[in-house]
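Asks: Sharing a model prediction with you, sequence too.
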Amino acid sequence: MASASPSPTPILILDRVSKRFAGHTAVDDLSLSVPRGVIYGLLGPNGAGKTTTLRMIMDILEPDAGAVRLFGDPGGGRRHSERIGYLPEERGLYRKMRVLDVLVFLGEMKGMDRRRAGQQAGDWLARLGLADWRLRRVDELSKGMQQKVQFIATVLHDPDLVILDEPFSGLDPVNTQVMKDVVLDLHGRGKTILFSTHIMEQAEKLCEQLCIIARGRKLVDGALSDIKRTHGGHHLVIGFDGNPGAAAHLFADKELVSRVDNYGQYAELELAAGADAQRLLAGLVSSGARLSRFELQEASLHKIFIDLVGPEPAGDGSSRE
Amino acid sequence: MSRVGAVIRREFVERVRRKSFWVMAMLGPVFFAAVFLVPLLLSQGGGVRRLVVVDRTTTAFGAAVAARLDSTRGFVVVRRIPGAPGVEDSLAGEVGARRIEGFLLLSDSLLDAGTAEYRASNVSSLDDIGLLRETLGRVAENARLERAGVNPRVVAQAQLRVSLQTNKITRGRTTGESAGQSFALAYFMMVTLYVALLLYGVQVMGSVIDEKASRIVEVLVSSVRPFQLLFGKVLGVGAVSLLQFLIWGVAGRALLGQRAALMSHMTDGGQEMGQIFQAPHVSLATAVVFVAFFLGGFFLYSAMFAAVAAMSSTEQEARQSQAPVTVLIMIAFFSSFATLANPESRLSVALSLVPFTSPIATPARWAAGNLSWIDVTTSFVLLVIGTVAVTWIAARIYRVGILMTGKRPNLRELGRWIRAG
């Protein structure tokens, strides 16, 4: 998934955007920047403000403060809707309409002319194995088929920017694969993908860049590799070959170690913030400890996420925006 | 604008494609025929009454009554019998056995005191009783005058019935339209407007709730403004309603052509009723007033129906919450009957100035009365102002409501939605 080097002007910029609803702040002073051509993840627990953020980008909600810039222009997505594909978390179709008619209509809503929309819809339906269903009513389709129709509706007009809100939620394994393939295919053709998720494993596999938010605020953003480098590396695994030396004494030093799980011949520990693993290593060696293993482990995104968001990540889960 | 066009097109095509549209197209004229004919048929009471005249008079008067009754279309005199004791009981038995419908007890007191007795299985039919009373009175009057020595020919001349010809003057011109015709036209327009406002207002509501419940609305409002979506929707459904009117109009014309044949099956009263329900002449001006006020009312009420739908999460919920809007349309309809009775009364004028009632009241007044173009224009301008104001509020509720799920908003939250827009 090597991407072309991102072009200098970001495709999307959020500049100190805030949105308040009666009683609570859903998004608080959020800034981020999505370069062209990347797969960008907006990560956060439920209720973090992801959907509200995407809705502000799409012009469905207006920010109370701050500005959205898309394709270098100020303003939300409605003015650029022919260049943006949007798949909301809550997806739906007109149940009583024919599949092809729905797709043509949604294509028209994105500024396509009817003929081209019909052609593209036909191609996509064939590609996802729904060619025989084009003239059937939507409510005759299985849930999985309807999900495919929803993907098609999102990308029918060949958008430059695709915004997907929790794209994998509710998908069966087959459609998860289809979705992933569609995303990678778009990415391969130079499109930008912005998606939100609370499932870190997916984000870790797909995203090049990401932003983690919780309770409406940004905790960290940037390239996945940078985030891992700066926020990872605190997790240390140590194996002893007989003599642990002054290990127990060193592990108790709160300046060095924040948490430890010591088995005597094996220990897993978290380095304290700002602590240097080399100091610990030097201390162990000088105390006569024999080491079979001393490994700084790269933290998983999940781990980084939990560390950043804290132990009660759900926030006030009632505030689904 | 092409996106609004796509919304209009979808609403129109999807509706016209549905079977229910064509069922309505067929059933519409049948429904309207029923609206007019059922009251007629009910008042007819069903056919000719067979009766027996029990004649206890001492003159030829009893025979004259029997002959006169027999000549009406409402009654057949099966026989005239002298008043033997116990005859009432045996005749009551005949009524019970449904061989006759009733019997009339005549004596000299009819001439002297003006009393007679009618016993029958049904004595509540106003038509029957009225006809009977009129016939008896006429014969008795004749007999009394003759008894007083008046020449029977003079009596016959004096009793010539008045035939009052009605001719409506509209905007200073005699139209050749009878009282019955203008009543029929006004009544017809009221029923049509009432049914259409309800029918198509509810369709707008259904369309909004459909998009909201299926959540597709979120994709739509990322491409068009909520107001554009609402506007396109209302125009699309409005176009469907105009097509429906066109079909009904053509079918109605054809049906009215057959009206004479239908009416000829009616009895005595049928002639009078037939006169009342003559095919009204629909002038171009009338058609314009009708369509203009329909569209005004349709926009007004659709906006309200759309707001109701936006506040609700499911179709059931919307149906429960639509009552205030539906009741408003019903008030408009029923209060407009006042304009039929007296198009110039203060109430009628008020009804045609209030935007919620004027879509039905003003066309009714136009058809029934003598409205000037200034009256109509004033009413229409007020309707447009009202519609714009209501649409402005409804669009704000719509805009917030279509993205909300869960609990229905209370009035305070609703106020916040309107201000937030």
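Replies: Looks like it arrived, so ask away. Numbers count the residues shown, from 1 in each chain, chains lettered A, B, ... in the order given.
Asks: Which positions in the biggest helix by length in chain B come out as buried?
Replies: Counting by DSSP state H, the longest helix found in chain B is helix B:179-213. Within helix B:179-213, the residues that qualify as buried are B:180-198, B:200-213, counting by 16 or more other C-beta atoms under 10 Å in any protein chain shown. Glycine gets a C-beta too; all of them are placed from N, C-alpha and C.
Asks: With stretch A:122-138 instead?
Replies: A:124-125, A:128, A:130, A:133-134, A:138.
Asks: How about residues contacting that stretch?
Replies: Contacting residues not belonging to stretch A:122-138 are listed as A:93-100, A:102-103, A:121, A:140-141, A:145-146, A:148-149, A:151-152, A:155-156, A:178 [C-beta atoms under 8 Å, 6 or more residues apart in numbering or on different chains].
Asks: How much space separates residue B:348 from chain A?
Replies: Distance of residue B:348 to chain A, computed by C-beta to the nearest C-beta, to the nearest Å: 43 Å.
Asks: what's the nearest residue to that residue if we skip its chain neighbours?
Replies: residue B:339 (4.1 Å; C-beta to C-beta, 6 or more residues apart in numbering or on different chains).
Asks: Let me see the contact set for that neighbour.
Replies: Counting by C-beta under 8 Å, 6+ apart, residue B:339 has contacts B:186, B:345, B:347-348, B:351-352, B:361, B:364-365, B:368-369.
Asks: Please indicate which of the contacts of stretch A:122-138 are buried?
Replies: For the contacts of stretch A:122-138, buried by 16+ other C-beta under 10 Å: A:93-95, A:97-100, A:102-103, A:121, A:141, A:145-146, A:148-149, A:151-152, A:155-156, A:178.
Asks: give me the subset of the buried residues of helix B:179-213 touching chain A.
Replies: B:210-211, B:213 (C-beta under 8 Å from any C-beta of the partner chain).
Asks: Can you redo those residues as JSON lines, where the extra columns are pLDDT?
Replies: Converted to JSON lines, these look like this (pLDDT from 0 to 100):
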{"residue": "B:210", "pLDDT": "91"}
{"residue": "B:211", "pLDDT": "92"}
{"residue": "B:213", "pLDDT": "88"}
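Asks: sec struct for the residue most central in space within chain A, please.
Replies: The geometric centre of chain A, computed from its C-alpha atoms, lies nearest to residue A:41 (C-alpha atoms, centre = their mean), at 2.6 Å. Secondary structure, DSSP: H, G, I helix; E, B strand; the rest coil: residue A:41 is strand.
Asks: so it makes contact with residue A:209?
Replies: Yes: the criterion here is C-beta atoms under 8 Å, and residue A:41 meets it with residue A:209 at 7.4 Å.
Asks: Just the CA trace of stretch A:268-276, in CSV.
Replies: Coordinates of each C-alpha in stretch A:268-276 appear next as CSV, following Å, rounded to 0.1, in the frame of the first residue of the first chain:
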residue,chain,number,x,y,z
GLU,A,268,7.3,-7.1,31.5
LEU,A,269,7.3,-3.5,32.4
GLU,A,270,6.3,0.0,31.4
LEU,A,271,8.9,2.6,31.4
ALA,A,272,8.0,5.8,33.2
ALA,A,273,7.3,8.9,31.1
GLY,A,274,10.6,10.3,29.9
ALA,A,275,12.7,7.4,31.3
ASP,A,276,15.5,6.1,29.2
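Asks: Point out where the stretch 201-350 of chain B drops to low pLDDT.
Replies: Counting by pLDDT under 70, the stretch 201-350 of chain B shows low-confidence ranges at B:255-281.
Asks: which residues touch the nearest residue to residue A:243 once chain neighbours are set aside?
Replies: Distances taken as C-beta to C-beta, 6+ apart put residue A:290 closest to residue A:243, at 4.9 Å, once the chain neighbours are dropped. Contacts here follow C-beta under 8 Å, 6+ apart; on that basis residue A:290 touches A:240-243, A:245.
Asks: Swap in 6 Å and give it another go.
Replies: A:241-243 (C-beta atoms under 6 Å, 6 or more residues apart in numbering or on different chains).
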